[in-house]
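Novice: below are the sequence and a predicted model; questions follow.
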Amino acid sequence: MTALPIAVTMGDPCGIGPEITVKVYADPRRCAPVVVIGDPGALARACRTTGAPLTAQVIESVDRAAYEPGVIDVVAACDLPDDLPVGAVDARAGAAAFACVRLGVELVLGGEVRALTTAPINKEALRLAGVPYPGHTEMLADLSHTSDYATMMADDELRVVLVTVHQSLRTALDAITTERELDVIRLTHRTLRRGGITAPRIAVAALNPHAGENGVFGREDLDVIEPAVRAAVAEGIGASGPWPADTVFMRARSGEFDAVVAQYHDQGLIPVKYLGLEHGVNITVGLPFVRTSVDHGTAFDIAGLGTADHAALLTALRHADALASPPVDRPRANSRTT
């Protein structure tokens, strides 16, 4: 084994995270060596639930991973009771999910793994556990002391990066500034280049209908977004816009752009999620390491049944492997071959 592994955190142990994690481990399409960060008992139960022909083996450190067939190499981040209920919000599960992420950050920053892929966590469970973060993105940024970051949602046809994420639409409008806009364009450019696109084409979505119609429907596009696009172009970045949001995602999907910078959560995520949750990947850009995740939640309603689809986690792992490998000239998102 020459390449460093990718660490996969098991997510909320009361949800489908452990199940999809063991399914990915057992899948012959898995593209990279993996160590799992989690609770050995929860993962062993997931093996029994799903019928995965695997045994969870605790390792003291990543360098002890054997990568033997039929064995999951587990770095234990928590020790949960055997009777932890499945399919319900539980503070103990929230604390365990956070412990897994925290250990994952330590391992990737310490150079023991080359990327981090995360299974879904539950925001309410985090809150009950006293974890002061609304989700993975903010948690990872704080734990890695990162202040300049953004969320990219991607599938094989579309990449979208968000200027604002988990806040109300009213407060998001105030958070859309020229400085923030330019920062996100830069992050998008660097991430696409890291992924092997040598000259990224970045479309910036307008905030207002029809890009504001030259101020008739609001001046934010003229006064806030357009100056950021001009500044990016002056830096040699292939950015353009602001383009009307009702058509720019279609144009990107057809191959005109490599990514779209969207202004707020629903503007950017509806197009990606419409293409299928099983293919969507969450990538946190701006971190000092590669992090990818699934674009779905803990699915408490089917947890414990063994029926959860692991395709999204498998895709997230594939994206992590690509981003954490030496850059090559990779196909563009809309090529349908990635």
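Specialist: Everything's here; your move. Numbering: from 1, shown residues only.
Novice: correct me, but H166 touches Y133?
Specialist: No. Between H166 and Y133 there is no contact under C-beta atoms under 8 Å: 10.0 Å. (Glycine included, C-beta is placed from N, CA and C.)
Novice: higher neighbour count, the two?
Specialist: Between H166 and Y133, Y133 has the larger neighbour count (other C-beta atoms under 10 Å), namely 19 against 14.
Novice: now the more buried one: closest residue in space that isn't a chain neighbour?
Specialist: Closest residue in space to Y133, ignoring its immediate chain neighbours: M139 at 4.1 Å, by C-beta to C-beta, 6 or more residues apart in numbering.
Novice: what is the neighbour count of that neighbour?
Specialist: Using other C-beta under 10 Å, M139 has 22 other residues around it.
Novice: isn't it right up against F98?
Specialist: Yes. Proximity of M139 to F98 meets the contact threshold set by C-beta under 8 Å, at 7.1 Å.
Novice: hang on, L187 packs against T151?
Specialist: No. Assessed by C-beta under 8 Å, L187 is found out of contact with T151, at 10.0 Å.
Novice: which neighbours do those two have in common?
Specialist: Each of V161, V285 lies in contact with both L187 and T151 under the rule C-beta atoms under 8 Å, 6 or more residues apart in numbering.
Novice: between M139 and F98, what contacts are shared?
Specialist: Joint contacts of M139 and F98 (C-beta under 8 Å, 6+ apart) are V131, Y133.
Novice: centroid residue for the chain?
Specialist: By C-alpha atoms, centre = their mean, the chain has its centre lying nearest to N282, at 2.4 Å.
Novice: one step back: of L187 and T151, give the one with the bigger neighbour count.
Specialist: For L187 versus T151, neighbours defined as other C-beta under 10 Å are more numerous around T151 (25 against 20).
Novice: what kind of secondary structure is the more buried one in?
Specialist: strand (DSSP: H, G, I helix; E, B strand; the rest coil).
Novice: what's the answer for T146, then?
Specialist: Here T146 is coil, with the state taken from three-state DSSP.
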